[in-house]
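S.K.: Here you go, sequence then predicted model.
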Amino acid sequence: EVVMALPTLQQGASGHHVKILQALLTVHAGDLVPKGFIDGDFGTITERVLRTWQGRTGKLAADGICGPATWRWLIGV
């Protein structure tokens, strides 16, 4: 399963998986995303956008952590 290959991400993470997360958040929550958002750094802004989007789903824990359940929602599986 694709989701199992994706790491759990939280504030402090960096790299290409964070860029993937940020790109997906731009698609799903573009109204929350500031200019220059996709930078590969999971900082306070990424955490806030993720937490707000998670809360909007009504199904995910709004914890600001991108684990398997959040990845599933973001990639639509």
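M.R.: Nice, thanks for sending it over.
S.K.: which of the residues in the lowest-mean-pLDDT helix or strand in the chain are buried?
M.R.: Considering only helices and strands, the least confidently modelled element of the chain by mean pLDDT, DSSP states H and E is helix 68-75, at a mean of 95. Buried residues in helix 68-75, counting neighbours by 16 or more other CB atoms under 10 Å, are found at T70, W71, W73, L74. Every residue, glycine included, has its C-beta placed from N, CA and C.
S.K.: State the distance from the second one to G12.
M.R.: When you say that, I think you mean W71. Look at W71 and G12: by CB to CB, to the nearest Å, they are 18 Å apart.
S.K.: cool, and the last one?
M.R.: Counting by CB to CB, the separation of L74 from G12 is 19 Å.
S.K.: how deep is A61 tucked in, by neighbour count?
M.R.: Using other CB atoms under 10 Å, A61 has 13 other residues around it.
S.K.: actually L60, not the one I wrote
M.R.: The tally of other residues near L60 (other CB under 10 Å) stands at 20.
S.K.: So it: helix, strand or coil?
M.R.: Here L60 is coil, with the state taken from DSSP: H, G, I helix; E, B strand; the rest coil.
S.K.: if I pick it, what's in contact with it?
M.R.: Q54, A69, T70, W73 (CB atoms under 8 Å, 6 or more residues apart in numbering).
S.K.: JSON lines for those residues, including distance to Q22?
M.R.: Formatted as JSON lines, these follow (distance: CB to CB, whole Å):
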{"residue": "Q54", "distance to Q22": "15"}
{"residue": "A69", "distance to Q22": "18"}
{"residue": "T70", "distance to Q22": "13"}
{"residue": "W73", "distance to Q22": "15"}
